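Colleague: starting from these lines, generate the structure:
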Amino acid sequence: MKILVPIKRVVDYNVKVRPLSDNSDVDLNNVKMAVNPFCEIALEEAVRLKESGQASEVVAVSVGKSESQEQLRTALALGADRATLVESDSVLEPLAISKVLKKVVEDENPDLIILGKQAIDGDNNQTGQMLAALLDYPQATNASEVKLDSTNVEVTREIDGGLQTLKLNVPAIITTDLRLNEPRYASLPNIMKAKKKELNVIPLADLGLDTTSRTELLSVELPPSREAGVMVESVDELMDKLKNEAKVIQ
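Modeller: Here you go, the predicted model:
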């Protein structure tokens, strides 16, 4: 069984992002980049399935600039067997990325596609669902547990008020939630081995897809600063301010 894991290059979650001076985009100059945390969870689950003997190969794929090879090498160090980069100089929307991934899936013919439910930069939570629609594959989102056999995959997902368990025929698409697993760290020997693993680069233009942007980015701005709080001397003063100034109680 082959598992395909799409990953995305994002700003490291420890970095406090800032807009450019003209508010045209996020300032990425000299900013530490990393694998999207939800993608790490997806990759960890795929590697665990391989280690348990339920999968034979894990393939990582990314869509982005040439710098994304760095994150694919990380994926190889974490256990992926090989990787593919669909190289694009422009930032693509979820629909365009889904179209690219559909092409990769048709070429690779994996039995299972596992990807993070969202990326921490755009927070769109769209790519997995769009890819499932384009491929007409069954899907399970926000997975917190995955059980696999030769023809089916059983996915437990968290919903409002409890848990829901779905049984899907493969090939299928799963998007991962935070509680699915805890990703491992790449060891130095595996980092060195990753340098020798296969990493293919495919120009986006070679796929012949329409990746035209459907939306326009108008501005990137920081949220407004919060005003300082007010200290009160008594409960009566607090109640007076809540009633007459904030007007949150009657």
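
Colleague: could you use CA atoms for every contact and neighbour count after this?
Modeller: Will do.

Colleague: secondary structure element for L72, which one?
Modeller: Assigned by DSSP states H and E, L72 belongs to helix 69-77.

Colleague: what does L222 give?
Modeller: In the assignment (DSSP H and E), L222 maps to no helix and no strand.

Colleague: coming back round to it: got the buried residues for the helix holding L72?
Modeller: 69, 71-77 (16 or more other Cα atoms under 10 Å).

Colleague: of those residues, which is the nearest to S219?
Modeller: Minimum separation from S219 among these (Cα to Cα) is found for Q71, which lies at 27.6 Å.

Colleague: residue contacts, the nearest residue to the closest one once chain neighbours are set aside?
Modeller: Among residues not flanking Q71 along the chain, V35 sits closest, at 5.6 Å (Cα to Cα, 6 or more residues apart in numbering). If a contact means Cα atoms under 8 Å, 6 or more residues apart in numbering, then V35 has 7-10, 12, 71, 74 as its contacts.

Colleague: which of those has the weakest pLDDT?
Modeller: Taken together, the contacts of V35 show their lowest pLDDT at D12, with 90.

Colleague: quick revisit: by neighbour count, which of the contacts of V35 wins?
Modeller: Neighbour counts for the contacts of V35 (other Cα atoms under 10 Å) peak at I7, which has 27 neighbours.

Colleague: sorry, back to before: let's have the contacts of V35 in TSV, adding distance to I174 and secondary structure.
Modeller: Below are the contacts of V35 laid out as TSV (distance: Cα to Cα, whole Å; DSSP: H, G, I helix; E, B strand; the rest coil):
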residue	distance to I174	secondary structure
I7	13	strand
K8	16	coil
R9	20	strand
V10	21	strand
D12	24	coil
Q71	21	helix
T74	21	helix
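
Colleague: neighbours around K196, how many?
Modeller: Neighbour tally, K196, other Cα under 10 Å: 11.

Colleague: how about the helices in the chain?
Modeller: Using DSSP state H, the helices of the chain run over 37-51, 69-77, 94-108, 127-135, 188-194, 235-244.
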